[in-house]
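Peer 1: sequence plus predicted model, see below.
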Amino acid sequence: MRFFAPHRHFHLATRGPATLAMVAAVMLPANAFGAPNAQRHPQQAPQSGTLSQLAGAHGCLVDRSVRPGGCGIARALAGPGPFMGSRAIGVSPDGKNVYVAASKSDAIAIFKRDPRTGRLTQPPGTGGCVAAKGGGCATAVGLDGPNSIAISPDGLNVYATSRASNTISVFHRTRSTGALSQLPGAAGCTSGLPVPVCASGRALVGPDVLVVSPSGTNVYVGSFFGNAVAVFDRDRASGALTQPGDSTGCIAEAISGCTTGVALGAPEGMAISADGANVYVASALSSAVAVLARDQSTGTLTQATDGSGCIVNSALTGCATGAQLSGANAIAFNPGGDVYVTSLSSNSVSSFGRSPSGGLTQKKGTAGCLVYLRATGCSFGRALVAPEGLTISPDGANVYVAAFATGAIDVLDRGKKSGAVSQLPGLAGCLAPRSVPGCTRARALHGVSSIALSPDGRYLYSTSFGSNAVDIFRRNR
């Protein structure tokens, strides 16, 4: 597939370390990154919404296969948050655990979380991880390159997608310990390939992002290479998934037996409104946001054809046109009604207002888009190359963005009335490795991709594919 960047283009045939180098090479000016020994800026007092990395080994955990570099050591943490996977980390609703999809370990790493300090510790033995090959972890079926996870609102289940096996794996979560155990037999996994034990699923071709409805009755999975969203009914007692056998079991651009949708090319981001009435899909290949209406009694998804069912970067029949959506990636919904989208090729964050009917309208003028370097009609952003992960603080005051190529976490202020975002000035506006000037220095952030906030909004956690790490930050309020 091909994504387009201003004045230049590049191919993303694969999305890994080689792609990262290519992205940086074609999209960054020669002076975008400073030398490793660039002059430090004087420390500033913490501002509201800024992030401070925890000290020493409490501030980052790395896989035991790499040098710690001052970070703590963890198991089953190789390749967390791959480039295709902006939801690789999640915090349980009770705040007691953090779960990480580690693609190279074929595993989900499990951490206990101290709600007071934000620190993470990994339980020993099978309580600390589940993996395809065991190796000291609990054994699981279908975890072949896991890339995204979702936790049910009741905290009873953890779901994981694995791109290589076209699989969704289903786990029971023990609330007291955070340990995961896969549901038995076909209830434990659904696959688009003939994987032994797993149930057969439709429209599961490179499954990526997934979300659970607020009611806990449905799970929705974005199929990156299938250009589709697969729909599952969830048993709230066990967490088991069942896909409807008719056309309501999926909505796709061109898959026989699915409801037909548009602007669903390569779904990589997904968000569901707090009222459960809409599912919003960020489609990388379509450079679009698809707006899907959700029947709250059945979970069925439908898409309007009057122009309100999609917003695209370039004119497309049946869709509205937006700005700076090239390679639309992660998407997040603010309970107040605004929707935010990161776009890989546009190096941007786009902002939308939501109508009572669920439709989206891009905010006017510079409030509608924040772009790395410069773009006509948009506000200015820094250290924002190849943005992947996206999250909004529970109080709605801040938006945080993970930029994969820069290795930065950008800190954005969100206007409470307007919903417009602006990057905090100076060092407070971003955290990044030493090689990125103008940001607060942080450790183990190479290839940062997924970010998640604790339920109380006090701590932020991120995955870094290149560092094989999870980073821990305190949010200053």
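Peer 2: Cool, the structure landed.

Peer 1: shaky segments in the stretch 51-200 of the chain?
Peer 2: 85 (pLDDT under 70).

Peer 1: ditto for the stretch 301-450 of the chain
Peer 2: In the stretch 301-450 of the chain, no residues with pLDDT under 70.

Peer 1: gap between Val229 and Leu292?
Peer 2: 7 Å (C-beta to C-beta, to the nearest Å). To be clear about C-beta, it is placed using only N, CA and C from the backbone, and glycine gets the same treatment.

Peer 1: who touches both of these two?
Peer 2: When contacts are counted by C-beta atoms under 8 Å, 6 or more residues apart in numbering, Val229 and Leu292 are jointly contacted by 251, 261, 279, 281, 301.

Peer 1: contacting residues for Ala402?
Peer 2: Contact analysis of Ala402 by C-beta under 8 Å, 6+ apart lists 86, 387-390, 408-409, 448-451, 462.

Peer 1: can you pick the most crowded of those residues?
Peer 2: Ser86 (33 neighbours; other C-beta atoms under 10 Å).

Peer 1: and that one, that one's in a strand?
Peer 2: No - Ser86 sits outside any strand when classified using DSSP: H, G, I helix; E, B strand; the rest coil, being coil.

Peer 1: tell me how many other residues surround the residue lying closest to Ala328 once chain neighbours are set aside.
Peer 2: Spatial nearest neighbour of Ala328, chain neighbours left out: Ala282 (4.1 Å); criterion: C-beta to C-beta, 6 or more residues apart in numbering. Residues near Ala282, counting by other C-beta under 10 Å, number 32.

Peer 1: can you offset everything so residue one is 708?
Peer 2: Will do, 708 is the new start, and the previous item becomes Ala989.

Peer 1: secondary structure class of Ala989, three-state.
Peer 2: Once three-state DSSP is applied, Ala989 turns out strand.

Peer 1: bridging residues for it?
Peer 2: For Ala989, the beta-bridge partners are Gly976, Val996 (DSSP bridges).

Peer 1: for it, give its distance to Cys1017.
Peer 2: For Ala989 relative to Cys1017 (C-beta to C-beta), the value is 11 Å.

Peer 1: who touches both of the two?
Peer 2: The contact sets of Ala989 and Cys1017 overlap at 995-996 (C-beta under 8 Å, 6+ apart).

Peer 1: name the nearest residue to Ala973, sequence neighbours excluded.
Peer 2: Leu992 (3.7 Å).

Peer 1: surely the one you found is within a strand?
Peer 2: No - secondary structure of Leu992 (three-state DSSP): coil, not part of a strand.

Peer 1: that one: neighbour count?
Peer 2: 21.

Peer 1: quick one, what contacts Gly956?
Peer 2: 909-910, 937-939, 950, 964-965.

Peer 1: cool, and Asp1002?
Peer 2: Asp1002 touches 1008-1009, counting by C-beta under 8 Å, 6+ apart.

Peer 1: tell me the pLDDT at it?
Peer 2: Per-residue confidence at Asp1002 stands at 97 (pLDDT).

Peer 1: that one and Gly1029: what is the separation?
Peer 2: Going from Asp1002 to Gly1029 by C-beta to C-beta gives 26 Å.

Peer 1: and if you look at Asp953?
Peer 2: Per C-beta to C-beta, Asp953 is found 33 Å from Gly1029.

Peer 1: look at the two and report which has more neighbours.
Peer 2: Using other C-beta under 10 Å, the more surrounded residue of Asp953 and Gly1029 is Gly1029, with 24 against 11.

Peer 1: check contacts around the residue nearest to Ala995 when sequence neighbours are not counted.
Peer 2: The shortest distance from Ala995 to any non-neighbouring residue, by C-beta to C-beta, 6+ apart, is to Ala970 (3.8 Å). When contacts are counted by C-beta under 8 Å, 6+ apart, Ala970 is found next to 990, 993, 995-997, 1016-1019, 1023, 1026.

Peer 1: nearest to Cys905 among those residues?
Peer 2: Each of the contacts of Ala970 was checked against Cys905 using C-beta to C-beta; the closest is Ser990, at 26.4 Å.

Peer 1: ok, the closest one - how many residues close by?
Peer 2: By other C-beta under 10 Å, 31 other residues sit near Ser990.

Peer 1: I'd guessed it sits against Pro974; true?
Peer 2: Yes - contact status for Ser990 versus Pro974: in contact at 5.3 Å, counting by C-beta atoms under 8 Å.

Peer 1: pull up the overlap in contacts between these two.
Peer 2: Contacts common to Ser990 and Pro974, judged by C-beta under 8 Å, 6+ apart, are 934, 997.

Peer 1: surely Ser922 is within a helix?
Peer 2: No - counting by three-state DSSP, Ser922 falls outside a helix, being coil.

Peer 1: around it, count how many other residues there are.
Peer 2: 13.
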